[in-house]
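In: Let's see this in three dimensions:
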Amino acid sequence: MSNVNLKLGLKSNWKQFSLLVLINAFVGGMVGLERTILPEIAETEFGIAAKSAIFSFIVVFGITKALSNYFAGRFAQQYGRKNMLILGWLFGLPVPLILMYAGSWNWIIFANVLLGINQGLAWSANVIMKIDLAGKKDRGLAMGLNEFAGYLAVGILAFLTGWMASEFGLRPYPFILGIGLAVAGLVFSIFLVKDTEPWVALESEGTDRKKSNGNLFWKTSWKDRNLFAVTQAGLSTNLKDGMAWGAFPLFLTATGLNLAQVGIVTAIYPAFWGIFQVVTGKLSDYTGRKQILVAGMLTQAVSLLVFPVLNEFYQFVIVAGTLGIGTAMVYPTFLAAVADLVHPQDRAESIGAFRLWRDGGYAIGAILTGIIADLFSLSLAITATGFITLFSGLYIAFRMSALNTPVAGTNN
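Out: Predicted coordinates:
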């Protein structure tokens, strides 16, 4: 494809961008299948009592997604973004069927290995392709729309599966939705998606960033102070989410909420996370990345510290919404900030490295929460996560340089 007829920006590429937004909603929906009911399945169907054992599916998911993120970024430049997206959906196809008919908890664990690979490959490829199309001016908005679609779908599917489980039982009916998501995602990816490497070449012609000659994984993980600030905050944010995924349904059930109410609360958090990212992503294009990151991390921290002292359904709904807004402030901004800090040709691997550490937080959060909950209580596990999130936000405030705000009207 010739670069002559290509332009950067959402307006010029709206058809392909919109398709990728829809596909990312399918990707997010695959996670939403489990969000409300899997901890309940562990307790009621398989008789698992230890919280650390229940959270094992999140640990496995987090590790496999984190590793898949890195390899998706590492190989996207070499083998193509589109091929990574298709491969991710091939791994996702069996997941709903396994969850529907698993006869032991080990099969649930195996399904989450496949789900982690699906999320790592498909979501990473989708993120990278959207950034490729958007150009610098629309980068925050592009990531806001991407994460909006993905996490709104998480919330919708979390609500639907919770409702279906309360009406028809925990299995198999709630997971039927996943079959349609996986098939649609694969078909659209094969026949409708275009690879975005030509847009990368176009942007590379006009960038003032220098291509790195060093180890991009090391640079993103530790060496570059700004990239490290973003990376540690990403890890802390998903550490929080790994905790919430496993602990919130059990904590809410213990306070006396029924399964439908638990489904609403656990859906509100990712739904607000998804909806508000369109606003926060674009806002970071104008205010700069650091300000939004600090505010978002502190909002999450306060929400988590308040959550364990609540006892009414409406209170949980409000605080879950606030937690979602805080997460919405940081999530698209993380990705836009990483893209700001590296050369376009380094983008895929740098984002892959960032997403490895960020999604490694799922596993760390689940392990930490399981240990604290078994030794002490779920309430203390939530509080401890709140303090970790607080310290992470303060680190950005005092150690990260303010990134230059992109100039409106500039797409390179």
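In: any idea whether the nearest residue to Met164 once chain neighbours are set aside is helix, strand or coil?
Out: Leaving out its chain neighbours, the residue that sits closest to Met164 by Cβ to Cβ, 6 or more residues apart in numbering is Pro174, at 4.3 Å. Any C-beta I mention is one placed from the backbone N, CA and C, and that applies to glycine too. Under DSSP: H, G, I helix; E, B strand; the rest coil, the three-state class of Pro174 is helix.
In: hang on, Pro174 packs against Ile37?
Out: Yes - using Cβ atoms under 8 Å, Pro174 is in contact with Ile37, at 6.2 Å.
In: in terms of contact, does Leu186 touch Leu93 like I think?
Out: Yes - if you go by Cβ under 8 Å, Leu186 and Leu93 touch, sitting 6.7 Å apart.
In: More neighbours: these two, which one.
Out: Taking other Cβ atoms under 10 Å, Leu186 and Leu93 do not tie; Leu186 has more neighbours (20 against 16).
In: what sits against the residue nearest to Met164?
Out: Pro174 makes contact with 33, 37, 160-161, 164-165, 168, according to Cβ atoms under 8 Å, 6 or more residues apart in numbering.
In: Go through the residues you listed and flag which are in helices.
Out: Judged by DSSP state H, the contacts of Pro174 include 33, 160-161, 164-165, 168 as members of helices.
In: now that we have the residues you listed, which one has the most neighbours?
Out: Highest count within those by other Cβ under 10 Å belongs to Thr161, 28 neighbours.
In: separation between Met129 and Ile63?
Out: Taking Cβ to Cβ, to the nearest Å as the measure, Met129 falls 25 Å from Ile63.
In: Kindly apply the preceding question to Trp199 instead.
Out: Distance, Trp199 to Ile63, by Cβ to Cβ: 32 Å.
In: Who has more neighbours out of these two?
Out: Applying other Cβ under 10 Å to Trp199 and Ile63 shows that Trp199 carries more neighbours, namely 25 against 19.
In: gap between the more buried one and Met30?
Out: From Trp199 to Met30 the distance is 27 Å (Cβ to Cβ).
In: Show the low-confidence segments of the stretch 101-250 of the chain, by residue range.
Out: Along the stretch 101-250 of the chain, segments meeting pLDDT under 70 span 206-210, 212-213.
In: can you pull out the helices in it?
Out: Counting by DSSP state H, counting those that start in this stretch, one finds helices in the stretch 101-250 of the chain at the ranges 105-134, 139-168, 176-191, 197-204, 216-218, 225-254.
In: got a markdown table for those, with distance to Asp359 too?
Out: Listed next are those as a markdown table, based on distance: least, Cβ to Cβ, whole Å:
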| stretch | distance to Asp359 |
| --- | --- |
| helix 105-134 | 7 |
| helix 139-168 | 13 |
| helix 176-191 | 19 |
| helix 197-204 | 23 |
| helix 216-218 | 15 |
| helix 225-254 | 6 |
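In: right, and those - which one's nearest Ile54?
Out: The closest of the helices of the stretch 101-250 of the chain to Ile54 is helix 225-254. By Cβ to Cβ, the value is 6.4 Å.
In: after that closest one comes which helix or strand?
Out: Proceeding N to C from helix 225-254, the next assigned helix or strand is helix 259-275, under DSSP states H and E.
In: got the buried residues for that next one?
Out: By neighbour count with 16 or more other Cβ atoms under 10 Å, helix 259-275 contains the buried residues 259, 261-275.
In: Send me the next helix or strand after it as CSV with only the CA atoms.
Out: Along the chain past helix 259-275, the next helix or strand (assigned with DSSP H and E) turns out to be helix 277-287. C-alpha atoms of helix 277-287 as CSV (Å, rounded to 0.1, in the frame of the first residue of the first chain):
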residue,chain,number,x,y,z
GLN,A,277,-12.4,7.0,29.0
VAL,A,278,-13.7,8.8,25.9
VAL,A,279,-13.7,12.0,27.9
THR,A,280,-10.5,11.4,29.9
GLY,A,281,-8.5,10.1,26.9
LYS,A,282,-9.2,13.3,24.9
LEU,A,283,-8.7,15.5,28.0
SER,A,284,-5.2,14.2,28.3
ASP,A,285,-4.5,15.4,24.7
TYR,A,286,-5.0,18.9,26.0
THR,A,287,-3.9,19.0,29.6
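In: Which strands or helices does helix 277-287 pack on?
Out: Packing partners of helix 277-287 (3 or more Cβ pairs under 8 Å, 6 or more residues apart in numbering; DSSP states H and E): helix 139-168, helix 289-306, helix 313-341.
In: please redo it, this time with the cut-off set to 6 Å
Out: Contacts defined by 3 or more Cβ pairs under 6 Å, 6 or more residues apart in numbering; DSSP states H and E place helix 277-287 against helix 139-168, helix 313-341.
In: Output the below-cut-off pLDDT ranges for the stretch 301-412 of the chain.
Out: Filtered on pLDDT under 70, the stretch 301-412 of the chain yields the residue ranges 403-412.
In: one more time with 90, if that's ok
Out: The model of the stretch 301-412 of the chain has pLDDT under 90 over residues 311, 335-336, 339-348, 355, 359, 362-363, 366, 401-412.
In: Can you list the buried residues in whichever helix or strand Val31 is part of?
Out: Per DSSP H and E: Val31 is located in helix 14-35. Neighbour counts over helix 14-35 (16+ other Cβ under 10 Å) mark 16-17, 19-21, 23-35 as buried.
In: who touches both of Pro174 and Ile37?
Out: Residues touching both Pro174 and Ile37 by Cβ atoms under 6 Å, 6 or more residues apart in numbering: 161, 165.
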